[in-house]
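*Asks:* Coordinates for the following, if possible.
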Amino acid sequence: MSSIKKVAVIGFGNIGVGVVRALYEKGVNGLELVKVVDIDLKKRRPVKIPKTMLTVDWKSVVNDPEIDIIVELIGGIEPAKTIQMQALKNGKDVVTANKKLLAAEGKEIFSLASKQGRRVGFRASFVGCHSLIHEFQQAGTSTKQFKRIYAILNGTSNYILSTMSRDDKSFKEALREAREKGFAERDPSDDIDGVDTANKIRILVSLITNSYQKVPSFTVEGIRDITTQDIQYAAELGYSIKLVGVIEQIDDSFAVGVYPALLPETSLLGSLEGAYNGTELEDEYGVISGLVAPGAGVYPTTDAVVKDLADIVEGRQMPMPTSKSPVVLGSTANAERRYYLRFSVLNQAGVLAQICNVFWKYNISIAGVIQKEPVSARFVPIVMTTYLAKEKDIQEALREVDKLPMVKVATKLIRILSANT
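*Replies:* Numbering: from 1, shown residues only. This next block holds a predicted model:
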């Protein structure tokens, strides 16, 4: 049995309460909670600890030579970054749930941890899919390769899209319900605009490439403009719409993006409902594996933090990028996939033929067309799916189509993802 490691928790909010309860009330072998830091110590909390363990001064805790591990749960960039960096400089290990910080400033944090011979545990930054990061524990040295990862990494967005699909609610109505049930923050921008998912994808790319260098920019789209009509049309085609993080291996680089996508309704991710996270990984042999777990909540996050702490106290290897080699992302311009397109056009003869003429020009083949009843006296929706087409070709074609006089609204494009595309 390892010697007892002394732990300090910085951040006594909902997640902090869960971690404190696990360490102080239930106890974890080899760990002793000695300090809890928060700016508000008067707030009533459902866990009681001695007042001598409480402080508002994180600096005294980080600089205490008797403390071995700092658990940072305050979120944001500062002072979280300073806390983690100072802890590492002082020879302490760090456990955090702060994916925003690691995505933005991971280079400095992981670089310092590597130099100091310390560990940074960040399972809790993934919560429901933290097991995925351990698939790449040997990142950069493992002989195992993969073709792609598709991942739903934001429970708020998945809850909203599931509610829109199940209850035929608008985006605004579903968002309001998500707030009422505690699945969405007062300002849900990071969730619904794809930022939270993008942060997690950046961390995952760092692990896969074993590099702590900053991941280059990639396409990030949210779900604000997904309509009930799109969800209904997708269902007619046998698909559901989800916010997906995508990592696809192309030779020696990776095509990466975050965007709404059509997934087969019967697939693991396409059938995922509520505030859940899920991942689907296809290896070099075409074998597909998946994982589904709650994407948020006190217990799942607490469990992830405790698992990292247990790894540290038991001396187990932990996934962490250690190389300063640059991360190379491939261009998505030549990536081939299928597409869902919704046109709003004038209700007149010959419209479909003109759109098809443009597509033929760019060598885009049409898989299916659904023409709906007019939504007004003048406009009619046309839904089209394509066969495999290059991203650059579909984008060029749509720029030309949207200039046609009978097309009055920008065409809605949603990518189609499945094991066969």
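*Asks:* so the residue of the chain positioned farthest from its centre is in which element?
*Replies:* Farthest-out residue of the chain from its mean C-alpha position, per C-alpha atoms, centre = their mean: A349, at 43.9 Å. Assessed by DSSP states H and E, A349 sits outside every helix and strand.
*Asks:* can you check V7 too?
*Replies:* V7 belongs to strand 5-10 when assigned by DSSP H and E.
*Asks:* tell me which element the closest residue in space to I77 that isn't next to it in sequence is part of?
*Replies:* In space, I77 comes closest to L101 once its chain neighbours are excluded; the distance is 5.7 Å by C-beta to C-beta, 6 or more residues apart in numbering. Just so you know, the C-beta spots here come from the backbone N, C-alpha and C atoms, and that holds for glycine as well. Here L101, judged by DSSP H and E, is contained in helix 99-116.
*Asks:* before we move on, what about I77?
*Replies:* Assigned by DSSP H and E, I77 belongs to neither a helix nor a strand.
*Asks:* The one 10 residues further on now?
*Replies:* For A87, the host element (DSSP H and E) is helix 80-89.
*Asks:* the strands in the stretch 301-421 of the chain, which residues?
*Replies:* For the stretch 301-421 of the chain, the strands defined by DSSP state E, counting those that start in this stretch cover 336-346, 366-371, 379-386, 389-390, 412-416.
*Asks:* can you tell me which residues contact the residue nearest to the spatial centre of the chain?
*Replies:* In the chain, the centroid-proximal residue (C-alpha atoms, centre = their mean) is T197; its distance is 2.5 Å. By C-beta atoms under 8 Å, 6 or more residues apart in numbering, the contact list for T197 reads 151, 153-154, 157, 220, 243, 245, 258.
*Asks:* Pick the one among those closest to A8.
*Replies:* Here the nearest of those to A8, counting by C-beta to C-beta, is L153; it sits at 28.7 Å.
*Asks:* okay, now the closest one: neighbour count?
*Replies:* Using other C-beta atoms under 10 Å, L153 is surrounded by 28 other residues.
*Asks:* I149 and R316, how far apart?
*Replies:* Counting by C-beta to C-beta, to the nearest Å, the separation of I149 from R316 is 24 Å.
*Asks:* Which of the two has more residues huddled nearby?
*Replies:* With neighbours defined as other C-beta under 10 Å, I149 and R316 compare such that I149 has more, 24 against 12.
*Asks:* returning to that earlier point: which secondary structure elements does the strand holding V7 contact?
*Replies:* helix 14-20, strand 31-37, helix 58-62, strand 69-72, helix 298-314 (3 or more C-beta pairs under 8 Å, 6 or more residues apart in numbering; DSSP states H and E).
*Asks:* hey, which of the ones you listed is tucked in deepest?
*Replies:* Ranked by mean neighbour count under mean count of other C-beta atoms under 10 Å, the helices and strands packed on strand 5-10 are led by strand 69-72, which reaches a mean of 26.
*Asks:* next one: it to chain centre, how far?
*Replies:* Counting by C-alpha atoms, centre = their mean, to the nearest Å, strand 69-72 is centred 23 Å from the centre of its parent chain.
*Asks:* Domain map for this protein?
*Replies:* Per automatic domain parsing, the structural domains of the chain span 5-121, 130-294, 336-416.
*Asks:* what's the closest of those to L329?
*Replies:* domain 130-294 (5.0 Å).
*Asks:* Now distance to V327 too, for the domains of the chain, in CSV please.
*Replies:* Below are the domains of the chain laid out as CSV (distance: least, C-beta to C-beta, whole Å):
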stretch, distance to V327
domain 5-121, 10
domain 130-294, 5
domain 336-416, 20
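*Asks:* circling back to that earlier point, figure out how far the strand holding V7 is from the centre of its chain.
*Replies:* For strand 5-10 - counting by C-alpha atoms, centre = their mean - the centre lies 28 Å from the chain centre.
*Asks:* Sheet partners, orientation included, of it?
*Replies:* Partners of strand 5-10 in the sheet, by DSSP bridges, are strand 31-37 (parallel), strand 69-72 (parallel).
*Asks:* can you put those strands in CSV and add distance to Q145 and mean pLDDT?
*Replies:* Shown next, in CSV, are the strands paired with strand 5-10 (distance: least, C-beta to C-beta, whole Å; pLDDT from 0 to 100):
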stretch, distance to Q145, mean pLDDT
strand 31-37, 37, 97
strand 69-72, 34, 98
